[in-house]
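Q: please find the sequence and the predicted model below.
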Amino acid sequence: MALLFTLSIVCSGTASGLASETVRVGVLKFGTVNWELDTIKHNKLDEKYGVHVDVRFFAGEEATNVAMLAGDVDIIVSDWLWVSRQRASGEDLAFVPYSSSVGALMVRDGSPIKSLTDLKGKKIGIAGGPLDKSWLLIQGLAKRQSLDLAAQNDIVFGAPPLLAEKAQQNELDAVLNFWNFCARLEANGFRRVISTSDAAKALGATGAASALGYIFHDKWANAHPVTIAGFIKASRDAKALLASSDAEWQRLAPVVKAEGRELDILRDRYREGIPSRSVDAEQADAEKLYALLAELGGPRLVGPAVTLAPGTFWRAQ
C-alpha cells in the first residue's frame, strides 16, 4: 500500500491564479491510497492549495523505498519503523501520520474461536511474513497470556489476497490480514477476534497509533515548505470529505471495487483509521511500540537501534 511522489516544478496556472508545483504520485495500482488520491483529483483539492497531483503506478513497495533512498522520488507512504531504521543509518527521512488503519485476526462468524487462548493448535494465515509488525504485536500480547502462537500453531505465511481466498475456502482456522482485506472478509461472513490496534493498546499504546505516514527527506521538505504543506492540506481535506460524505464513497465505488455492505464496511473501517491525534501523542506511542517491536523482531526488523530515532516524526519548520 505504498504511495510515492516524484516532484518536478512546473509553472502552470491554478484556479486561484498562483503558480503550482506538480507532484507526480506513484501508487500500487490497487492500493487503498488511490481512494484518497482520486478524491483529491476529482474535487480539485490539490489545485486549491497550489499543487498539481500527477498519479503514477509502480510495481511494489520495495521499488518506492529504493527510489526514495536513491533520491529519485520525494515522498512515499511507509511506516515509522522503516523511517527510524533509515535515520539510524544516516538518512534524513521524516514521517507525517497518514492512517491508523491496521489489520485484524479474523475468523468465520460461526467459529468457536473467541480469543487468543482459543487459537492453540489452529491453522493461522499471516500476511506479510514472520517479521510483519501486526503478527509480532499479536504474538507479544499472546506471550503475556503465556501463549506461544508461533510454536503452538500451524502458521501459513502468504500474500494478502491469497490468504483471504484460503480463509473463505475454509482452509484456515483464522487469518491475520491487512485492514482492507479484513473489511472485505467482515462483509462476507467473518468477524474480528482482535485487531492490531487493540493489541497495541493492550501493550501500552494510549490510542490508535498511525501505522502509515507520508515519508520524505527533511532537506526536501524544508526546501519546499509550500509544496509539502499544500499536499498535506489537500490530503486532510480529502480525508474530511471521506469521513463525512457517503455520496463520495458511492462515487468511489468503482475505484474501491466494492458495493453494498462491502463498500459500507470498507468506508467505516477507513474512517476509523483517519488520524486525529497530536504529533506528540503519536510519537509517544510509536516510541513504546518501537521498543516492544525491537524486542520481538530483533535486529532483523529494526537494525542496531533499540529506540525510535530522534526526528522520525516531522514537525514543520
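A: Okay, I see it.
Q: avg pLDDT for stretch 193-209?
A: On average, the pLDDT along stretch 193-209 is 95.
Q: with just CA atoms, put it into PDB.
A: What follows is stretch 193-209, C-alpha atoms only, in PDB (Å, rounded to 0.1, in the frame of the first residue of the first chain):
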ATOM      1  CA  VAL A 193     -11.100 -11.700  17.200                       C
ATOM      2  CA  ILE A 194      -8.700  -8.900  17.900                       C
ATOM      3  CA  SER A 195      -7.300  -6.000  15.800                       C
ATOM      4  CA  THR A 196      -3.700  -5.000  15.700                       C
ATOM      5  CA  SER A 197      -4.800  -1.600  17.200                       C
ATOM      6  CA  ASP A 198      -6.400  -3.400  20.100                       C
ATOM      7  CA  ALA A 199      -3.200  -5.400  20.700                       C
ATOM      8  CA  ALA A 200      -1.100  -2.300  20.600                       C
ATOM      9  CA  LYS A 201      -3.300  -0.600  23.200                       C
ATOM     10  CA  ALA A 202      -3.100  -3.700  25.400                       C
ATOM     11  CA  LEU A 203       0.700  -3.400  25.100                       C
ATOM     12  CA  GLY A 204       0.800   0.200  26.200                       C
ATOM     13  CA  ALA A 205      -0.400   2.500  23.300                       C
ATOM     14  CA  THR A 206      -2.700   5.200  24.600                       C
ATOM     15  CA  GLY A 207      -4.700   5.500  21.300                       C
ATOM     16  CA  ALA A 208      -4.900   4.400  17.700                       C
ATOM     17  CA  ALA A 209      -1.300   4.700  16.600                       C
END
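Q: number of residues surrounding residue 278?
A: Residues lying near residue 278 (other C-beta atoms under 10 Å) number 11. Placement of C-beta: from N, CA and C, glycine included.
Q: for the residue lying closest to residue 279 once chain neighbours are set aside, which residues are in contact?
A: Here the nearest residue to residue 279 in space, its sequence neighbours aside, is residue 313; by C-beta to C-beta, 6 or more residues apart in numbering that works out to 5.5 Å. Neighbour list for residue 313: 80, 94, 95, 96, 279, 282, 283, 286 [criterion: C-beta atoms under 8 Å, 6 or more residues apart in numbering].
Q: beta partners for residue 313?
A: residue 95 (DSSP bridges).
Q: output the below-cut-off pLDDT ranges for this structure.
A: Residue ranges of the chain with pLDDT under 70: 1-19, 317.
Q: one more pass at 50, please.
A: 1-17 (pLDDT under 50).
Q: ok, and what's touching the helix or strand hosting residue 47?
A: Element membership for residue 47, per DSSP states H and E: helix 45-48. Contact with helix 45-48 is made by 14-16, 20, 23, 39-40, 52-53, 230-231, 233-234, 237-238, as judged by C-beta under 8 Å, 6+ apart.
Q: from those, pick the one nearest residue 146.
A: Using C-beta to C-beta, residue 238 comes nearest to residue 146 of the contacts of helix 45-48, at 44.6 Å.
Q: mind checking the SS state of the nearest residue to the closest one once chain neighbours are set aside?
A: In space, residue 238 comes closest to residue 39 once its chain neighbours are excluded; the distance is 4.2 Å by C-beta to C-beta, 6+ apart. In three-state terms, and counting by DSSP: H, G, I helix; E, B strand; the rest coil, residue 39 is helix.
Q: my guess is residue 39 meets residue 249, correct?
A: No: contact between residue 39 and residue 249 fails when scored by C-beta atoms under 8 Å: they sit 9.6 Å apart.
Q: the nearest residue to residue 208 once chain neighbours are set aside: how many residues sit nearby?
A: Leaving out its chain neighbours, the residue that sits closest to residue 208 by C-beta to C-beta, 6+ apart is residue 100, at 4.1 Å. Neighbour count of residue 100, defined by other C-beta under 10 Å: 24.
Q: contacting residues around residue 100?
A: Contacts for residue 100 (C-beta under 8 Å, 6+ apart) come out as 197, 208, 209, 210, 211, 272, 273, 274, 275.
Q: same question, residue 228
A: 75, 216, 220, 221.
Q: could you do residue 185 as well?
A: By C-beta under 8 Å, 6+ apart, the contact set of residue 185 is 106, 164, 167, 168, 175, 177.
Q: who does the last one bridge with?
A: In other words, residue 177. On the basis of DSSP bridges, residue 177 is bridged to residue 104.
Q: wait, doesn't it sit right on residue 165?
A: No: taking contacts as C-beta under 8 Å, residue 177 lies outside contact range of residue 165: 10.8 Å.
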